[in-house]
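Trainee: Fold the following.
(chains A and B)
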Protein chains: 2
Amino acid sequence: MRFKILQKDGLARTGIIETQRGIIHTPAFMPVGTNGTVKAMTPEEVRQIGYEIILSNTYHLYLRPGHETIKMIGGIHKFINWHCPILTDSGGFQIYSLASLRKITLEGVEFRSHIDGSLHFINPEKAIDIQLALGSDIMMVLDECIPYPADEEYVEKSIKLTTEWAKRCKEHFEKQDTYQALFGIIQGGVFSDLRIRALEELLKIDFHGYAIGGLSVGEPKTDMYKIVKDISPLMPEDKPHYLMGVGDLIDVLHAVEHGIDMFDCVIPTRNARNGTLFTSQGRISIKRSEFKEDLSPLDPDCDCYTCKNYSRAFLRHLYTCREILSMRLNTIHNLYFYCRFFEKMRQAIAERRFQEFKKEWLPVLEKNFYQESNDFHHSLENY
Amino acid sequence: MRFKILQKDGLARTGIIETQRGIIHTPAFMPVGTNGTVKAMTPEEVRQIGYEIILSNTYHLYLRPGHETIKMIGGIHKFINWHCPILTDSGGFQIYSLASLRKITLEGVEFRSHIDGSLHFINPEKAIDIQLALGSDIMMVLDECIPYPADEEYVEKSIKLTTEWAKRCKEHFEKQDTYQALFGIIQGGVFSDLRIRALEELLKIDFHGYAIGGLSVGEPKTDMYKIVKDISPLMPEDKPHYLMGVGDLIDVLHAVEHGIDMFDCVIPTRNARNGTLFTSQGRISIKRSEFKEDLSPLDPDCDCYTCKNYSRAFLRHLYTCREILSMRLNTIHNLYFYCRFFEKMRQAIAERRFQEFKKEWLPVLEKNFYQESNDFHHSLENY
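Mentor: Reported below is the predicted structural model:
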C-alpha cells in the first residue's frame, strides 16, 4: 500500500491510496458491508455509484461464515464478488458493542457470540490471523474500545493495553508475507494528552496508516471535534488518517478540515432503510404524508437511478408498505449522495476552496427539507 | 386486447395477447407485484429477465396508496415505472383471505382493512371503477371466493351471486371508454357441473378472457386437476384461459396440457425469500449446511445474474444472515428459472413435443436436490 498526497488546502488534503486491487481517492468514504454485503446493494451497484473501497466487519465474518471458510473459498473478495479494496476492522468495536460476557486480560478478550452465545477468545495475533485469512487490503490492529464516559485513570490503563496489543499485532504481522496493510488505532477517550501519548507509542511501532478510534460513542460533538483537531495534525503527514465510525457529513467537514482522509459509517445505508434521505435541499423523511401525491423526484438535483426513475409518491408508498424495493432505492440514493459529496469535497480541496465548500454545505446538511413549511405554519400562528 | 393462437399440440397451445402496452406470449407466467412491486425487484430487472406482464393486487393498491391517488399521479404504470401490461385482480380473493368482518350481500361486500381495521364497501361497479382508476391493461370481475371445503348447496348459491356480479361488472364496464380488457371468473368449488353452469352464464355476458378462480385454496391436487381438465376445454377456444393463483410448475404442466394460457403465483418470489430455489437439478434449500463451502453456482445450467456471479456458499451465507441481498439474488434466480421454463414450454408446444417436455420436467420438478445424498445415507443403513 502506498499513500500520496495530491493537493492541500490548509490541513485538508486530497490524496491517493494505492493498493494491489486499485486506488482510493481521499478523503474517502467507505460504505459498511457488515456481513460482506453493503445492505440492500449488489457489489456492482456500489461500484457503479463510484465507491472504491468498502469496509467489512471481522467480528461478523469470523462468526459467520468463519474466516477459515472464507479462506478456503479463496478470500473475501472472491466470496462476496467485490474486487476492489476492502478494509476490515479488528473486531474490537463489535466485541465491545455487540458481544456479551467480555473478559479482557492482557492476553486477549473472551466473549460470547451475540448470535448463538458460543464462547470465543481473540488476542492480537488471532485478530491478525483472521484478517489474513479474510485477505482484506487494509487490516486494523486489535484495540480495547472504551465506553463513554470513562474516567482518565481507566482510560490511561486501557491505552497501555491497546499499545501492548498494537505491538503484538505488528510483530505477528511482520512474520507474514502479505500484500495487506496494517493500521494502528489511537484510543484515549476524550483526553487529548492521553491520545497524544497513545499516538507517540504507535509511531514507535510504525504502521501503514493511523486511525482515531473510540469516537462517536456518545460523547458531545464538541469533544469529538476537539480530539480530531488536537490529534489529526500530529498524525504522520505522509500516512492516511482514518476517523473510525464517523460519517455524519457535518462531522466529516470538521474532520477533513483538520486532515482526516478516511471515513466509514452506517449512516447513509441505515438512514436509507429507515426512510431518512439526504438531498441538496436538506434531509427528507420519506414517510411524511406531504409526499403522498408528490410526483417530483426525491432530489431534483440528483442523477441517481432512484431520482431518475421514481417519484417521491412511489418512494413513500414503498416505505409505507415496508417493501424491499424501498430499502434498495433509498440506499442507492443515499450512497450516491455521499459519493458525490466526497467527490465535490475533493474537488474543492484541489481548488483550494474547502472553506467555501464547508460554508456552502453546512446549512444544507443541518436543514430538514420540511423545515420551511413548518416555519410557515409557525408564522401563521402569529396572525 | 386481441388474442391469437399460434400453435397447438393437443389441447396445449401457444398464443399472443396483444395489448396497447405490448404483447404477451402465452402460456404466460405473471409475477405478483402485490403493492405495485414484485418483491425485492426493480421493474427493469423483471423486464430484463423476460417478463411481459405482471399482476398487481387491487385490494392492496385500493387501501395503499388508494386508487384515486394513483389515478391522480397518472396511473399504475407511471406510478410504479413498469410500462408493459399489468393485470389487476378484483380484490375479491384478498377480501376473502386477508380482510376481516366480511359481510357479503347481493349488493356487495363490506370488510375491514387488514392494515388499520377501517371499514370499506366494494360492489361490482366499484371494483371496476377502482381498476379503471388504476389503469391496468386487464381487469377482473368481482367474484365471491368460496372457502374450501364448501358444500354443493352453498357453492350453488354463491355462483349465482358471482354471476350476478359479473353481469353488473360488464354493464358498468360497457359504459366506459377504455382500452382496458375485462375477464370473467368461473367459480364453483370442486363441482364440475356447477363450474360448467357458471361458465355458461359468463359466456352469455361475454368477456375478453375467462379465468378459473377459487382453486389452489386447500383442495386435493386431484380435484384441482379434474376441474381444469373438465372446464378448460369448454372455455372459448379463441379467448385466453387464465388459471388464477396457481404456479407450482407441476400444476402448470397439467393445466397447460388442458389449454390454460395464463398463470400468476407468489411461489417463485416467496420461495426465493424463504431460501427455496428451483434448479435444473431439483429444488435446493440454500440454508443447508452442505453448501457452506460450496463454490459452485446455484444452478450450473443457469445464466441468471445470481448464477453467473455468486457461489452457493455466498448465497447460503447471505440467507443465514437474513441479508436483503439474499432475497434479491434468490428472487432473480427463481424468476429467471420460471421465465426460461415457460419459454421452453412454449417452444415445446410449437414443436409439438409438449408431452415429451412434460415427461422430461416432471421428475426434475418433483425432486429435491439433496434427495440423492439422503437416499445414499438410507442405503448405507442396509449394510
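Trainee: what about the strands in the stretch 51-200 of chain A?
Mentor: Remark: strands assigned in the stretch 51-200 of chain A by DSSP state E, counting those that start in this stretch are A:54-56, A:86-88, A:100-104, A:109-112, A:119-122, A:138-140, A:181-186.
Trainee: List the buried residues of the first one.
Mentor: So the one you mean is strand A:54-56. A:54-56 (16 or more other Cβ atoms under 10 Å in any protein chain shown). In short, each C-beta sits where N, CA and C put it, glycine included.
Trainee: same deal with the fifth one?
Mentor: Judged by neighbour count (16+ other Cβ under 10 Å), strand A:119-122 contains these buried residues: A:120, A:122.
Trainee: Which other helices and strands does it contact?
Mentor: If you count contacts as 3 or more Cβ pairs under 8 Å, 6 or more residues apart in numbering or on different chains; DSSP states H and E, strand A:119-122 packs onto helix A:58-63, strand A:109-112.
Trainee: And for the longest one?
Mentor: The criterion is 3+ Cβ pairs under 8 Å, 6+ apart, and the helices and strands that strand A:181-186 contacts are strand A:138-140, helix A:152-174, helix A:192-205, strand A:209-212.
Trainee: do the same with the second one
Mentor: Secondary-structure packing of strand A:86-88 (3+ Cβ pairs under 8 Å, 6+ apart): strand A:54-56, helix A:76-80, helix A:124-134, strand A:138-140.
Trainee: Same check on the first one?
Mentor: Contacts defined by 3+ Cβ pairs under 8 Å, 6+ apart place strand A:54-56 against strand A:86-88.
Trainee: list the contacts for residue A:140?
Mentor: Neighbouring residues of residue A:140 by Cβ atoms under 8 Å, 6 or more residues apart in numbering or on different chains: A:58, A:87-90, A:92, A:131, A:182-183, A:185, A:211.
Trainee: Look up how far chain B lies from it.
Mentor: 22 Å (Cβ to the nearest Cβ, to the nearest Å).
Trainee: Tell me what that residue is bridged to.
Mentor: residue A:183 (DSSP bridges).
Trainee: buried set for stretch A:343-351?
Mentor: In stretch A:343-351, counting by 16+ other Cβ under 10 Å, buried: A:345-346, A:348-349.
Trainee: Averaged pLDDT, that stretch. What do you get?
Mentor: The average pLDDT within stretch A:343-351 is 98.
Trainee: Just tell me which of the strands of the stretch 51-200 of chain A ends up closest to residue B:244.
Mentor: Closest to residue B:244 of the strands of the stretch 51-200 of chain A is strand A:54-56 (Cβ to Cβ; 44.3 Å).
Trainee: mean pLDDT lowest for which of the strands of the stretch 51-200 of chain A?
Mentor: Of all those, the minimum mean pLDDT falls on strand A:100-104 (a mean of 84).
Trainee: picking that back up, the helices and strands packed on strand A:181-186 into CSV, with extra columns for distance to residue A:336?
Mentor: Shown next, in CSV, are these (distance: least, Cβ to Cβ, whole Å):
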stretch, distance to residue A:336
strand A:138-140, 24
helix A:152-174, 36
helix A:192-205, 35
strand A:209-212, 26
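Trainee: Would you point to the one among the ones you listed that's packed deepest?
Mentor: Comparing those by mean neighbour count (mean count of other Cβ atoms under 10 Å in any protein chain shown), strand A:138-140 comes out on top with a mean of 28.
Trainee: Pull up the residues of the stretch 1-150 of chain A that are close to chain B.
Mentor: Taking Cβ under 8 Å from any Cβ of the partner chain as the contact definition, the stretch 1-150 of chain A meets chain B at A:35-37, A:39-42, A:60, A:64-65, A:69, A:72-74, A:79-81.
Trainee: Can I get the buried part of those as one PyMOL selection?
Mentor: Of the residues of the stretch 1-150 of chain A next to chain B, the buried ones go into a single PyMOL selection, burial set by 16+ other Cβ under 10 Å:
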select buried, chain A and resi 35+36+37+39+40+41+42+60+64+65+69+72+73+79+80+81
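Trainee: Filter the buried residues of stretch A:343-351 down to just the ones in helices.
Mentor: A:345-346, A:348-349 (DSSP state H).
Trainee: Mind splitting chain A into its structural domains?
Mentor: With domains defined by automatic domain parsing, chain A comprises A:2-265, A:272-378.
Trainee: Do a quick rundown of the strands in the stretch 251-383 of chain A.
Mentor: Using DSSP E, counting those that start in this stretch, the strands of the stretch 251-383 of chain A run over residues A:262-264, A:276-279, A:282-285.
Trainee: Strand partners (parallel or antiparallel) of the first one?
Mentor: Sheet pairing here is set by DSSP bridges, and for strand A:262-264 it gives strand A:28-30 (parallel), strand A:241-243 (parallel).
Trainee: Which positions in the stretch 251-383 of chain A make contact with chain B?
Mentor: Close to chain B, as judged by Cβ under 8 Å from any Cβ, the stretch 251-383 of chain A has residues A:292-293, A:295, A:309-311, A:313-314, A:316-318, A:320-321, A:323-325, A:327-329.
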